[in-house]
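>>> For reference, the sequence and a predicted model appear below.
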Amino acid sequence: MLQFIIRRTVGAVVTLFLIGAATFFLFVATPSDYASLSCGKDCSPQRLADIREALGLDLPIAQQFWDFMSGIVMGRDYPTGHCSAPCLGQSFYSGDMVWDTIMDRFPTTLTLTAGGAVVFLIVGIGAGMLAAYRRGSLLDKIATGGSMVLSSFQIYFLGPIVLWIFVYSTGLMENPKYVPITQDPFGWFMGMLLPVLVMSTIFTAQYTRMARSSMIEQLAEEHVRTARAKGMSKPYVFFRYAWRGSLIPIVTVFGMDVSGMLGGAVVTELTFSLQGIGRLAVNGATNKDLPLTMGVMLVGAFFILLINILTDIAYAYIDPRIRLS
């Protein structure tokens, strides 16, 4: 198992480096003067040259790339001060350190993605397993039909409807906003409830159908039917033999859905006017802010790879054959 984890970790580090390189050279290839973003409209040539030197834009491209990547590990010095590791650079647009800006927005996106994952894993898998257990019953038909309807909804369509019903029309809830959980746990829960539920809707529907089909397939396996033929009760066979095998495709798809969750967080933050990493990524791309965009890309890629490594470990634990491949 240790060798399995080491292989996945080394692969993740190489992938992060390639993502950083691809993002950097993609922006460098665009014909834009990033120093002018920090200089403003009324900018003299001398002021523009000073900013270009301060940001390191007068250095060769290879040197700029090395300074950026090495700053992540060792930190970096700027005219405005020292940027401690992990240093993702200084924003061309605002002048703030990218790492501090991302960490300021990170709790909002973390609440969205983690909260949404908890909702669709518990509700989606639970509903799918119950539907498979009571196959052909009214509960099965409701779960299957409801998942088909909910899977057709999109965040940008469902979000405004939910806001109009619960916030603007009835006033049952306040406009969604992020409040630190350490400051007001109840306000944090209520402020993020609607965005989390809306973002998890599509995933809940998908996992309901997937969990149902996976469990039905497991219940048809020979070892499960043999256990039933030996006189074991249906609930015992369900949880003892079929449950673990049905989790394999779910765990696999969950690892791949992490990127989809981050993409859903971008749309959700824009829909509910939340200040998270998703909105930060949009602002960075719009303003052609290279350090900010690269920082968001690397942080997002890091967490996607981290979840994928944890998924691989869980997958190897569920199915030991994976460790040998």
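Nice, I can see it.

>>> how close does Val167 sit to Glu53?
Relative to Glu53, Val167 is positioned 49 Å away (CB to CB, to the nearest Å). Yep, even glycine has a C-beta here, placed from its N, CA and C like the rest.

>>> Looking at the two, which has the bigger crowd around it?
Val167 (16 against 13; other CB atoms under 10 Å).

>>> ok, now which ones touch that one?
By CB atoms under 8 Å, 6 or more residues apart in numbering, Val167 lies in contact with 173-176, 194.

>>> which ones among the residues you listed are found in helices?
Applying DSSP state H to the contacts of Val167, the entries found in helices are Leu194.

>>> which one of the contacts of Val167 has the most neighbours?
Pro176 (24 neighbours).

>>> can you give me the strands in this protein?
Assigned by DSSP state E, the strands in the chain fall at 76-78, 81-83.

>>> Pick the most deeply packed of those strands.
Highest mean neighbour count of the strands of the chain: strand 76-78, a mean of 15 (counted as mean count of other CB atoms under 10 Å).

>>> Tell me the gap between it and the middle of its chain.
30 Å (CA atoms, centre = their mean, to the nearest Å).

>>> Just list what it packs against, helices and strands only.
On a contact count with 3 or more CB pairs under 8 Å, 6 or more residues apart in numbering; DSSP states H and E, strand 76-78 meets strand 81-83.

>>> And the contacts of the strand it packs on?
71, 75-77, 89-90, 97, 99.

>>> And for stretch 173-186?
By CB under 8 Å, 6+ apart, stretch 173-186 touches 107-108, 111, 163, 166-167, 187-188, 190-195, 272-276.

>>> Just the buried subset of those residues, written out for ChimeraX, thanks.
Those of those that count as buried under 16 or more other CB atoms under 10 Å are selected in ChimeraX with:
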select :107,108,111,163,166,167,188,191,192,194,195,272,274,276
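
>>> Out of the contacts of stretch 173-186, which sit inside helices?
Per DSSP H, these map to helices at 107-108, 111, 163, 187-188, 190-195.

>>> out of these, who's nearest Ala132?
Of all these, Leu193 has the smallest distance to Ala132: 29.0 Å, by CB to CB.

>>> For Glu174, see how far away the closest one is.
10 Å.

>>> buried subset of the contacts of strand 81-83?
71, 76, 89-90, 97, 99.

>>> export the residues you listed to a markdown table and tack on distance to Gln64 and pLDDT?
Listed next are those as a markdown table, based on distance: CB to CB, whole Å; pLDDT from 0 to 100:
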| residue | distance to Gln64 | pLDDT |
| --- | --- | --- |
| Gly71 | 11 | 83 |
| Arg76 | 11 | 82 |
| Gly89 | 10 | 79 |
| Gln90 | 13 | 80 |
| Met97 | 17 | 86 |
| Trp99 | 18 | 90 |
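
>>> from these, which is closest to Val10?
Gly71 (22.0 Å).

>>> I'd say the closest one and Gln90 touch.
No. The criterion here is CB atoms under 8 Å, and Gly71 misses it with Gln90 at 9.9 Å.

>>> ranges for the helices of the stretch 101-250 of the chain?
Using DSSP state H, counting those that start in this stretch, the helices of the stretch 101-250 of the chain run over residues 125-133, 138-150, 155-163, 185-219, 222-229, 234-237, 243-271.

>>> Name the residues that touch the shortest one?
Outside of helix 234-237, the residues that reach it under the criterion CB under 8 Å, 6+ apart are 133, 224, 227-228.

>>> mind listing what Ala281 touches?
So Ala281 contacts 266, 293, 296-297, 300 (CB under 8 Å, 6+ apart).

>>> mind redoing it with 10 Å?
102, 105, 109, 262, 265-266, 269, 292-293, 295-297, 299-300 (CB atoms under 10 Å, 6 or more residues apart in numbering).

>>> For those, give me a markdown table that also has neighbour count.
Listed next are these as a markdown table, based on neighbours: other CB atoms under 10 Å:
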| residue | neighbour count |
| --- | --- |
| Ile102 | 20 |
| Arg105 | 20 |
| Thr109 | 28 |
| Leu262 | 20 |
| Ala265 | 27 |
| Val266 | 20 |
| Glu269 | 26 |
| Leu292 | 26 |
| Thr293 | 25 |
| Gly295 | 29 |
| Val296 | 25 |
| Met297 | 21 |
| Val299 | 21 |
| Gly300 | 22 |
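
>>> Flag the least confident of the residues you listed.
The weakest per-residue confidence within these falls on Leu262 (77).

>>> Quick check: it touching Thr113?
Yes. Using CB atoms under 10 Å, Leu262 makes contact with Thr113 at a distance of 6.5 Å.
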